[in-house]
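Student: Could you work out the structure for the sequence below:
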Amino acid sequence: MSAPHGFSVSRYAPERGTLAKLAARDSVVRRLDWPMLLSALALSGIGALLVWSATRGRTELNNGDPYYFLFRHLLNTGIGVALMISTVWLGHRTLRGAVPVLYGLSIVLILAVLTPLGATINGAHAWIVVGGGFSLQPSEFVKITIILIMAMLLASKVDAGDQLHPDHRTVAKALTLAALPMGIVMLMPDLGSVMVMIVIVLGVLLASGASNRWVLGLIGAGVLGAVLVTALGMLDEYQINRFAAFANPDLDPSGVGYNTNQARIAIGSGGLLGAGLFKGSQTTGQFVPEQQTDFVFTVAGEELGFVGAGLILVLLGVILWRACRIARETTELYGTVVAAGIIAWFAFQSFENIGMTLGIMPVAGLPLPFVSYGGSSMFAVWVAIGLLQSIRVQRPMTA
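Tutor: Numbering: from 1, shown residues only. Reported below is the predicted structural model:
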């Protein structure tokens, strides 16, 4: 049947371009790794409750507003999710072209920490205070740029089909570019972030297929560097005290070993199910320092018990499992290396943070991903989730 005179079907039917855009949008949503995404959201939600419990009675910190840290943590999470969505929308391949600019910007930011703009918080001169209570820790974003710059270099010739593995010259160049920001961060000094960056570099090298001699050489250089840093007195006194307390927990239980001892007491008192949210005596009594940031896991151990703390471990495990799957299934080395760097970052930082609360790792001032309070850390880990999701979304469908 023909259309009535003067009536155009195409005028009222959706345009072909619009349909294509809707189909593409639906495809992106379907191809997202939802177990990873939901696990990250759950961790951030649990973190909001733990941060609220740790800070609602801290009038010297919250200016008399018991919801101050809760709202800010939720705001940081919201901004982080927006950054994740933006990263997926741009795509890791598009960002690949902007990596040199991002790398240069990260160098400028960490150099700014060494200027009068820099501020010392919790013993580390690693922050930029902009004003209005807003502070930025550039080393969190350096973790991302190290992953991206190394992946771009190591994968360029392999993805182009010119090589099977990165050659020695390319590896040396990648390590040099990674060493520059790491050296600046070490001058702050922010030893915890440097430890994470070293593990990231190792993970990237292993995933890239670089010669094992580079990996072994880097491990040897790391050991030698640690000896030299200690011998030359480059560590601050508080950092030396942290390692001394780790080596001997009974050295000074009311001084350098106080944090770790109180953390272990809090976690040990939780039992199977915990004392209940807002009911932990160590938390309400404010016995554990920095409980909303570095030691947030102690709130989970005391108030949610083994079950609640175990749930955090399970959710972190889901994120790492899905990230490993993304790294394995992508068809480009660039995506594999980026995913491997993020896996190394999340795995080591989670292990170090939880380990230091249990006394099996030295205190290093590292936040627990997605859970600890802190804008810079929250933004960085959600951008990393965006990169992982982009790698999954843009990979060729196998079925």
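Student: going forward, measure contacts between C-alpha atoms and count neighbours the same way
Tutor: Fine.
Student: mind listing the helices for the stretch 101-250 of the chain?
Tutor: 138-159, 168-186, 191-208, 212-231, 237-247 (DSSP state H, counting those that start in this stretch).
Student: Can you find the helix or strand of the protein with the lowest average pLDDT?
Tutor: helix 9-12 (a mean of 35; mean pLDDT, DSSP states H and E).
Student: What sits closest to Leu358 if chain neighbours are left out?
Tutor: Arg264 (5.6 Å; Cα to Cα, 6 or more residues apart in numbering).
Student: Next secondary structure after the strand or helix carrying that neighbour?
Tutor: Using DSSP states H and E, Arg264 maps to helix 258-268. Once the chain leaves helix 258-268, the next helix or strand it forms, by DSSP H and E, is helix 281-284.
Student: Give me the distance between that next one and the centre of its chain.
Tutor: 28 Å (Cα atoms, centre = their mean, to the nearest Å).
Student: Then stretch 72-83?
Tutor: With Cα atoms, centre = their mean, you get 14 Å for stretch 72-83.
Student: just stretch 184-191 next, same as before
Tutor: That offset, for stretch 184-191, works out to 18 Å (Cα atoms, centre = their mean).
Student: same question for it, mean pLDDT?
Tutor: Stretch 184-191 carries an average pLDDT of 84.
Student: Let me see the contact set for Ala266.
Tutor: Contact analysis of Ala266 by Cα atoms under 8 Å, 6 or more residues apart in numbering lists 280, 282-283, 288, 298-299, 301-302.
Student: picking that back up, identify whichever of the helices of the stretch 101-250 of the chain lies nearest to Arg58.
Tutor: Checking the helices of the stretch 101-250 of the chain against Arg58 by Cα to Cα gives helix 237-247 as the closest, at 24.3 Å.
Student: Gly365 falls within a strand, correct?
Tutor: No - Gly365 is assigned coil when assessed by DSSP: H, G, I helix; E, B strand; the rest coil, not a strand.
Student: So it versus Val383, what's the distance?
Tutor: 21 Å (Cα to Cα, to the nearest Å).
Student: Any chance of CSV for the contacts of Ala266, columns distance to Phe134 and pLDDT?
Tutor: Formatted as CSV, those follow (distance: Cα to Cα, whole Å; pLDDT from 0 to 100):
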residue, distance to Phe134, pLDDT
Gly280, 30, 89
Gln282, 29, 89
Thr283, 26, 86
Val288, 24, 86
Thr298, 26, 95
Val299, 25, 95
Gly301, 30, 95
Glu302, 30, 94
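Student: Which two among those residues are spaced furthest apart?
Tutor: Among those, Val288 and Gly301 lie farthest apart (Cα to Cα), at 12.4 Å.
Student: Looking at these two, which is more packed in?
Tutor: Gly301 (29 against 24; other Cα atoms under 10 Å).
Student: Pull the number of nearby residues for the nearest residue to that one once chain neighbours are set aside.
Tutor: Using Cα to Cα, 6+ apart and skipping residues adjacent in sequence, the residue nearest Gly301 is Ile267, 4.3 Å away. Residues within reach of Ile267, counting by other Cα under 10 Å, total 25.
Student: how about low-confidence regions in the chain?
Tutor: 1-26, 122-124, 131-133, 229-256, 396-399 (pLDDT under 70).
Student: Let's see that with 80 instead.
Tutor: 1-28, 59-60, 62, 116-126, 129-134, 159-164, 189, 222-223, 225-259, 395-399 (pLDDT under 80).
Student: before we move on, the earlier item: residue contacts, the residue nearest to Leu358?
Tutor: Per Cα under 8 Å, 6+ apart, neighbours of Arg264: 298, 357-359.
Student: Which neighbouring elements make contact with the helix or strand harbouring Gly335?
Tutor: In the assignment (DSSP H and E), Gly335 maps to helix 333-358. Contacts defined by 3 or more Cα pairs under 8 Å, 6 or more residues apart in numbering; DSSP states H and E place helix 333-358 against helix 138-159, helix 191-208, helix 258-268, helix 296-299, helix 305-329, helix 375-393.
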